[in-house]
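[1] no letters, just coordinates:
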């Protein structure tokens, strides 16, 4: 099996051993294969964000193993994890989270620059991606000059720029109106058809409906999938 | 690295007022270091030039008179004394020298030194770095002819052929001495006999004795000291020792005190960067999430801090130099303030290190931010 992400027996506990100890994830096992489109569903406080952060190397589990592309990331330093984030993971956030002082083009280039590509390479690829998400006319616009749907499309282009193994999306349609949300879902489905792997944390029924696989999480435990 | 500098420029212009205030803080500090530091550097340069002027000679003046810097007020040396010195073993040449502070009766009334020399000894003075900017030297037979220093000529708009008045006597300016940074810049040099006439002086004020063997100048000075009780015999090395102490003290006060202002400026940079990091927490979190390493964030904030202090430092050096220049101008050229390359470079290095030190704490805090928490921050 070609697992790009594998979680083995993941536990995450905040404030272990203290009176306010909180077990967020319990015995989580998860395998993700290339090309999947997964919706991660669960009520708030179920641990779905924490799970996504662990997959995205933003957080470390209290115990258990995380394999990204077959590599155990447990022993990696902060800076090595940062490199994995830039090269193997693409993030899409509910709040878009673009850098305000950068233009659309510069925002998309940033992960490539952080991964060590030169400016010319980064610019070429970022332009190509922005054209693909239909923002070919918006290269030099700053985030404050763009609409919500446009911002999220810039964010998607940014998430794709380093050809990541997986794209992690946290409520990508949560801040958009229904129509714009549908456009974003449509875009993600098209990208999935091209071979990109998505893990989407969402409440959006439309996303859940179009996902090929649904993982439900409750009280830190995976229920199905 | 280009990205980092580009990003730093973008970021420091986001909060223009706050950045400007931090820059002004550094500017005042470094400006004060440069302006006040230029006073001690000016005095140092002047003294070094003067040392060169009398290198290898022994300066002679009466005990109890005022010293070198104040025109040997009260010093009396007679013709007989000169003959005694000339006969002393090891002495090659005795050059008499009269100097006094004077007020000129016309013109701008700036203070200057009036120096009397024997036209026969003009070579002695010429060989010690007093080349002419224009005109000619004083020669044997001159009486009411004068050489004037560069600053003095500038300040009073004098040229060769003009005349100046000393004690109601008119002197013709025959030459202007090139700029030296020493007292001579602000001097009028006239034939010694004329000077003694005009100022009713019976005796000389000071002498230069040159030894037959320059390498034995200190030994000759000691010999002279043990033979003549009424006179001071000072060599360059004696003066250097005396002056070094005074200069060190001036340096300590000028640069030391102004450094405190600069350190306060550094605290301003730290404060600005702490605020800036706090406001940009979310952005820093995003950068980390998309792959920025801790070191990248640390470097980014440090570059911003150094950029602020560098701008402050550069403008501070400029403002300090203007301050130093106006000090020289206001004092009529008498106060010597000089912005040396070392002082400017030192000021710049100081500014950069203030940025590094002041920026380190906020940069370290930014680098250590937890991206998950920082992204949640509104």
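    Cool, the structure landed. Computed from a predicted model, the values in this text were never measured in an experiment.

[2] only C-alpha atoms from now on, for both contacts and neighbour counts.
    Will do.

[3] so who does residue 208 touch?
    This is for chain A. If you count contacts by C-alpha atoms under 8 Å, 6 or more residues apart in numbering or on different chains, residue A:208 has them with A:39, A:202, A:214.

[4] wrong one, I was asking about chain B
    Each residue near residue B:208 by C-alpha under 8 Å, 6+ apart is listed here: B:54, B:57-60, B:94-97.

[5] just these: which has the poorest pLDDT?
    Ranked by pLDDT, these bottom out at residue B:54 (69).

[6] from the stretch 101-250 of chain B, which residue is nearest to chain A?
    Per C-alpha to the nearest C-alpha, the residue of the stretch 101-250 of chain B with the smallest distance to chain A is residue B:250, at 47.9 Å.

[7] how about the contacts of residue B:208 in a markdown table, adding neighbour count and distance to residue B:306?
    Listed next are the contacts of residue B:208 as a markdown table, based on neighbours: other C-alpha atoms under 10 Å in any protein chain shown; distance: C-alpha to C-alpha, whole Å:
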| residue | neighbour count | distance to residue B:306 |
| --- | --- | --- |
| B:54 | 18 | 45 |
| B:57 | 25 | 50 |
| B:58 | 25 | 51 |
| B:59 | 25 | 50 |
| B:60 | 27 | 53 |
| B:94 | 21 | 58 |
| B:95 | 20 | 56 |
| B:96 | 23 | 57 |
| B:97 | 20 | 54 |
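
[8] just those residues now: which is nearest chain A?
    Nearest to chain A among those, counting by C-alpha to the nearest C-alpha, is residue B:54 at 62.7 Å.

[9] count of neighbours near residue B:280?
    By other C-alpha atoms under 10 Å in any protein chain shown, 19 other residues sit near residue B:280.

[10] return the backbone torsion pair for it.
    Torsion angles at residue B:280 (phi, psi; degrees, to the nearest 10) stand at phi -100, psi 20.

[11] please apply the same query to residue A:189.
    Main-chain torsions, residue A:189, degrees, to the nearest 10: phi -60, psi -40.

[12] now tell me which helix or strand of chain A has the poorest mean pLDDT.
    Lowest by mean pLDDT, DSSP states H and E among the helices and strands of chain A is strand A:221-224, with a mean of 82.

[13] tell me what that one is packed against?
    If you count contacts as 3 or more C-alpha pairs under 8 Å, 6 or more residues apart in numbering or on different chains; DSSP states H and E, strand A:221-224 packs onto strand A:22-33, strand A:213-218.

[14] re the thing from before, pick the one among the contacts of residue A:208 closest to chain B.
    Of all the contacts of residue A:208, chain B sits closest to residue A:202, with 17.0 Å by C-alpha to the nearest C-alpha.

[15] point out where the chain drops to low pLDDT.
    Since you didn't name a chain, this refers to chain A. Within chain A, the set of residues satisfying pLDDT under 70 comprises A:1, A:224-225.

[16] if you could check chain B rather than the one you did, that'd help
    Along chain B, the model assigns pLDDT under 70 to residues B:1, B:52-54, B:66-71, B:101-111, B:126-130, B:181, B:331-335, B:378.

[17] where does chain A get nearest to chain B, residue-wise?
    For chain A, C-alpha to the nearest C-alpha, closest residue to chain B: residue A:86, 4.1 Å.

[18] leaving out chain neighbours, which residue sits closest to that residue?
    Leaving aside its chain neighbours, residue A:86 sits nearest to residue B:291 (4.1 Å; criterion: C-alpha to C-alpha, 6 or more residues apart in numbering or on different chains).

[19] flag every residue of chain A that's near chain B.
    Proximity of chain A to chain B is confined to A:53, A:58-59, A:78-79, A:82-87, A:90-91, A:97-99, A:101, A:111, A:114-115 under the rule C-alpha under 8 Å from any C-alpha of the partner chain.

[20] repeat the analysis, applying 6 Å as the threshold.
    Within reach of chain B by C-alpha under 6 Å from any C-alpha of the partner chain, chain A has these residues: A:79, A:82-83, A:85-86, A:111, A:114.

[21] can you pick the most crowded of those residues?
    Counting by other C-alpha under 10 Å, top hit in these: residue A:86 with 30 neighbours.

[22] tell me which element that one falls in.
    helix A:78-88 (DSSP states H and E).
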